[in-house]
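Engineer: Following is a predicted model, sequence given first.
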Amino acid sequence: MNDDQLHELLYQALETELGGVHIYEAAIQCAKDDDLREEWEKYHRQTTRHVELVEGALAAFGLDPSLETPGRRAVRRIGVSLVEVLQTALAEGPPEAAQLIAAECVTLAETKDHLNWELIGEVVKHLKGNAGKVLRAAFAEVEEQEDEHLYHATGWSRELWIDSLGMPAVLPPPEEQKDVKTAIGAARAKQVRAEMT
Ligand SMILES: [Fe+2]
C-alpha cells in the first residue's frame with residue numbers, strides 16, 4: 001500500500017464531504033419538489049455524519065485533518081464552484097431551471113464522493129491494525145448511503161430533464177421508488193421507466 005496516496009485519498013474524501021454539506025444546503029434552497037427536498041435533507045444529514053467519520057479515520061491514522069494538499073485544494077475548488085453555480089441558478093431563475101441545475105450539481109458531487117468510498121472499500125480489504133478497523137467501520141456505515149446518493153441523484157436529474165422536455169417522466173424516479181442501492185438495481189430501474197412511459 002502506498003501510504004502517502006492512501007492519506008491523500010482520505011484528505012480528498014474529507015474535502016468532498018465538507019463540500020457536500022454546503023452543496024446540499026444550496027441544493028435544498030433550489031428544490032421545488034417536496035420529495036426531492038426531503039431526500040436532499042436526509043442526504044445532508046448523512047453527509048454531515050460522513051464528515052465526522054472521515055475525521056475519525058484521519059485521527060486513527062494520526063493525520064492532521066487541516067493539512068492541505070494540491071488534490072484536496074482541487075476538490076474544494078470544485079465544491080465551491082458548484083455552490084456558486086447553485087446560488088446563481090437560484091438568483092437568476094426560473095425555479096424549474098434552478099432545481100434541474102441543482103440535481104445535476106448533486107450528481108456531479110456524488111460521483112466523486114462515490115468514487116472515494118469505492119476506493120476506501122478496496123483499501124480496507126488490505127489494512128490491518130486499529131486505523132484499518134476504524135476505516136472499515138466507517139465504510140460499513142457509509143457504503144450503502146453513497147450508492148443511494150449517486151443512483152438517486154442520477155435518477156432525479158434524468159426524470160426532471162425528461163419532464164422539462166415535455167415527455168412523460170417518472171417522478172419520484174424509479175431509483176427512489178425501488179430503493180436502488182446497486183449499479184444493477186439502477187440499470188433495472190431504468191428498464192422499469194422504459195416500460196412505464
Ligand atoms: Fe458522503
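Structural biologist: Good, I have the coordinates. Model, not experiment: these values are computed from the prediction.
Engineer: and the one helix or strand Asp113 maps to, what does it pack onto?
Structural biologist: Secondary-structure assignment from DSSP states H and E places Asp113 in helix 95-123. Counting contacts by 3 or more CB pairs under 8 Å, 6 or more residues apart in numbering; DSSP states H and E, helix 95-123 is packed against helix 3-30, helix 34-60, helix 70-92, helix 129-164. C-betas here are computed from N, CA, C, even on glycine.
Engineer: quick one: Ala183 from Val51, how far?
Structural biologist: Distance from Ala183 to Val51, counting by CB to CB, to the nearest Å: 26 Å.
Engineer: who's more crowded, the two?
Structural biologist: Ranked by neighbour count (other CB atoms under 10 Å), Ala183 and Val51 place Val51 first, with 18 against 11.
Engineer: The more buried one reaches Leu18, doesn't it?
Structural biologist: Yes - assessed by CB atoms under 8 Å, Val51 is found in contact with Leu18 at 5.9 Å.
Engineer: got a pLDDT number for the residue lying farthest from the centre of the chain?
Structural biologist: In the chain, the greatest distance from the average C-alpha position (CA atoms, centre = their mean) is reached by Gly129, at 28.6 Å. Note on Gly129: pLDDT of 95.
Engineer: ok, now Arg188?
Structural biologist: pLDDT, Arg188: 87.
Engineer: which residue sits closest to it, ignoring its sequence neighbours?
Structural biologist: Spatial nearest neighbour of Arg188, chain neighbours left out: Lys178 (7.3 Å); criterion: CB to CB, 6 or more residues apart in numbering.
Engineer: Assign the nearest residue to Glu148 once chain neighbours are set aside to helix, strand or coil.
Structural biologist: Nearest non-adjacent residue to Glu148, counting by CB to CB, 6+ apart: Lys181, 5.3 Å away. At Lys181, secondary structure determined by DSSP: H, G, I helix; E, B strand; the rest coil is coil.
Engineer: How about the residues of this protein by the ion?
Structural biologist: 47, 50, 113 (CB under 5 Å from the ion).
Engineer: how about these in JSON lines, adding neighbour count, pLDDT and distance to Asp3?
Structural biologist: Shown next, in JSON lines, are those (neighbours: other CB atoms under 10 Å; pLDDT from 0 to 100; distance: CB to CB, whole Å):
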{"residue": "Thr47", "neighbour count": "27", "pLDDT": "98", "distance to Asp3": "27"}
{"residue": "His50", "neighbour count": "27", "pLDDT": "98", "distance to Asp3": "22"}
{"residue": "Asp113", "neighbour count": "25", "pLDDT": "98", "distance to Asp3": "23"}
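Engineer: list the contacts for whichever residue of the chain sits closest to the ion?
Structural biologist: For the chain, the residue positioned closest to the ion under CB to the ion is His50, at a distance of 3.9 Å. Each residue near His50 by CB atoms under 8 Å, 6 or more residues apart in numbering is listed here: 17, 20, 142, 145.
Engineer: and if we set it to 7 Å?
Structural biologist: Neighbour list for His50: 17, 142 [criterion: CB atoms under 7 Å, 6 or more residues apart in numbering].
Engineer: One more: Ala102?
Structural biologist: 27, 30-31, 86, 89.
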